[in-house]
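> Everything below, folded, please.
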Amino acid sequence: MNDNERSAGDAIDLLARELPGLDVDPLTAAAIRARARAELARGASRGRLARVRGAARRGYRRVELPVASALAVAYLAWAVQTILMVH
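Numbers count the residues shown, from 1 in each chain. The predicted structure is shown next:
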């Protein structure tokens, strides 16, 4: 067990102590706890490809609006120019 898994487990245990009791049987609660710990451990050990995907997604979100706006303005300018050339 590495430090990330240990700290994730400690955080889950602390949170579990602070939350009110649930109406879930102990077997189901244990299954939920195990799945949550596994997902936290998997998220903490993200690979290089996942980091690259995240960076690409953030870059796309920053570039999408300016590019779409530029295309709309260029199309509008072309349409106005075409109309003015006819008259």
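> Does the residue nearest the centre of the chain lie in a helix or a strand, and which?
Centre of the chain computed as the mean C-alpha position; nearest residue by Cα atoms, centre = their mean is Gly54, 7.7 Å away. Under the criterion of DSSP states H and E, Gly54 resides in helix 48-86.
> For that helix, list every residue counted as buried.
By neighbour count with 16 or more other Cβ atoms under 10 Å, helix 48-86 contains no buried residues. (Each C-beta comes from the backbone N, C-alpha and C, glycine too.)
> what's downstream of the helix or strand where Arg17 lies, the next helix or strand?
Using DSSP H and E, Arg17 maps to helix 3-18. Reading on from helix 3-18 to the C-terminus, the next helix or strand found by DSSP H and E is helix 26-44.
> Now do that following helix: which elements does it pack against?
Helices and strands touching helix 26-44, by 3 or more Cβ pairs under 8 Å, 6 or more residues apart in numbering; DSSP states H and E, are helix 3-18.
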